[in-house]
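**Student:** Compute the structure for the input listed below.
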Amino acid sequence: MTLTRLHLHLLSDSTGETLENIAKAALAQFDDVETVRHFWPMVRTEAHLERILQEIAQNPGLVVYTLVNPATRRILETRCSTLGLPAVAPLDPVSDALSAMLGQQAKARPGRQHALDAAYFARVDAIQWTIAHDDGIAWEEWEEADILLAGVSRSSKTPTSIYLANRGYKTANIPIVVESPPPRALFALRRPLVVGLTTSADRLIQVRRNRLLSLNQQPDTPYVEEEAVQREIAFARRMFADQGWPVIDVTRRSIEETAAAVVSLFQQRRGGK
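**Tutor:** The predicted model follows:
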């Protein structure tokens with residue numbers, strides 16, 4: 001099978017996080033593409049842009065940018081046109097629509113979405129809190145959480161927690177282990193939304209095997225034995241059902257999709273109060 005090779009140039013006048021996410025989402029729709037990514041954040045001067053344009057000329061490809069300064073935009077667009085390369089500003093249609101609906105011009109301020117406002121500090125606080133309450137740590141403080149994720153080992157609890165924390169949700173998580181019941185405080189929580197994460201035995205065994213191999217350990221323990229894994233999953237599911245907790249099957253979900261489902265449950269619960 002022949003792979004199509006693509007040079008992808010991403011230019012941003014801020015951190016480039018938004019641009020990277022857009023490119024990642026778009027590329028996911030195409031198969032058999034070998035992407036050579038050239039990432040250029042914090043492009044705020046013409047001198048910096050000139051150095052980047054030399055690299056673009058040497059490695060022609062698709063140019064995607066989020067630049068708000070009119071002068072640097074014009075230079076980039078003109079040079080790309082001269083080189084015969086497509087240059088796409090993915091946020092322009094959204095900004096134009098908002099401008100028309102709101103009756104005002106967008107503020108040409110690089111990185112304005114990253115302003116150090118109250119929401120920013122709330123996210124930082126949520127991340128710090130979440131890291132400090134990973135894997136069942138500090139269970140005495142779970143009542144402070146917005147969300148608590150429960151599930152067997154390697155069911156995506158920690159990465160989902162960190163993703164939710166980046167969205168501003170204080171998230172704790174706890175592994176459900178057959179031989180070690182969780183603290184009773186878990187079953188008495190009132191403030192946090194408790195969500196059970198489950199998955200298929202096949203997927204879980206594969207993830208656990210890969211984890212053991214990455215640690216240079218032999219994957220021949222009960223941790224990856226099919227019968228034991230199925231027993232763990234069944235034990236956790238019975239607990240979720242007994243407590244009436246909502247359950248999300250992560251077998252075919254990405255971390256982002258799991259987090260989105262959790263947020264939807266959280267918002268439903270908050271809206272019902």
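**Student:** For stretch 250-258, list every residue counted as buried.
**Tutor:** For stretch 250-258, the neighbour count (16 or more other C-beta atoms under 10 Å) marks 250, 253, 255, 258 as buried. Where C-beta positions appear, they are placed from N, C-alpha and C, glycine not excepted.
**Student:** Between the two ends of it, how far is it?
**Tutor:** 7 Å (C-alpha to C-alpha, to the nearest Å).
**Student:** Now do the helices for this protein: every range, in order, please.
**Tutor:** 17-27, 46-58, 70-83, 92-102, 118-132, 157-166, 201-214, 226-243, 255-271 (DSSP state H).
**Student:** Need the ones you listed in CSV (columns: distance to Asp146).
**Tutor:** Shown next, in CSV, are those (distance: least, C-beta to C-beta, whole Å):
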stretch, distance to Asp146
helix 17-27, 23
helix 46-58, 40
helix 70-83, 40
helix 92-102, 29
helix 118-132, 8
helix 157-166, 8
helix 201-214, 26
helix 226-243, 18
helix 255-271, 7
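**Student:** and which of the buried residues of stretch 250-258 is nearest Pro41?
**Tutor:** Ile255 (23.1 Å; C-beta to C-beta).
**Student:** what's the average pLDDT for stretch 164-172?
**Tutor:** For stretch 164-172, mean pLDDT is 94.
**Student:** Could you do stretch 215-229 as well?
**Tutor:** 89.
**Student:** And for stretch 182-192?
**Tutor:** 95.
**Student:** just to revisit the earlier point, just so I know, which of the helices of the chain lies nearest Phe187?
**Tutor:** Closest to Phe187 of the helices of the chain is helix 226-243 (C-beta to C-beta; 6.3 Å).
**Student:** Quick check: which helices or strands does that closest one pack against?
**Tutor:** strand 147-151, strand 193-198, helix 201-214, strand 247-249 (3 or more C-beta pairs under 8 Å, 6 or more residues apart in numbering; DSSP states H and E).
**Student:** what is the orientation angle of that helix with strand 193-198?
**Tutor:** 150 degrees (axes from the mean of the first three to the mean of the last three C-alpha atoms, to 10 degrees).
**Student:** Name the residues that touch helix 226-243?
**Tutor:** For helix 226-243, contacts defined as C-beta atoms under 8 Å, 6 or more residues apart in numbering pick out 150-153, 176-178, 187, 194, 196, 198-199, 201, 204-205, 208, 222-223, 247.
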